[in-house]
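S.K.: next comes the sequence, and after it the predicted model I'd like to discuss.
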Amino acid sequence: MNSVAVWFITDTVDAASCALVKEDPARGVAPAIFHDFQQMKAATQHLYTSTFTKSVLAGDLDAVVKDMTEEDRLRLEREKKEHAQEEKKQHEKEKEKEMRRIQRAFDRKA
């Protein structure tokens, strides 16, 4: 792929991302391009409205399930690390206990 094609694809994807996913005022998309992407989005959503209807289950879950925040993610990571440390300590204790048992058995034979 030549460099012009790569540049075009990269810039197009970047502009689409800014217009459709997460607006970034620092990068800014020209109003005409932003409008064109919004028109494509609306046309696409219209084409698939009957295909992607919200089920009763999805509606029920949407009302009950909470989106994970950054704080939730960090708390979960911390809990996983703590759990891993506790398991490691428990494993070390069991290993030491087994070593003492082996040592006692060896001492009895001697």
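M.R.: Now that the structure is in, tell me what you want to look at. The shown structure was predicted, so the numbers you read here are calculated from the model rather than taken from an experiment.

S.K.: which parts of stretch 60-79 are buried?
M.R.: Using 16 or more other Cβ atoms under 10 Å as the test for burial, stretch 60-79 gives no buried residues. Any C-beta I mention is one placed from the backbone N, CA and C, and that applies to glycine too.

S.K.: can you get me the start-to-end distance on it?
M.R.: 29 Å (Cα to Cα, to the nearest Å).

S.K.: contact partners for residue 54?
M.R.: Residue 54 sits next to residue 62 when contact means Cβ atoms under 8 Å, 6 or more residues apart in numbering.

S.K.: any idea how far residue 41 is from it?
M.R.: 18 Å (Cβ to Cβ, to the nearest Å).

S.K.: again with residue 72
M.R.: Counting by Cβ to Cβ, the gap from residue 72 to residue 41 is 29 Å.

S.K.: cool, and residue 94?
M.R.: For residue 94, the distance to residue 41 - Cβ to Cβ - is 57 Å.
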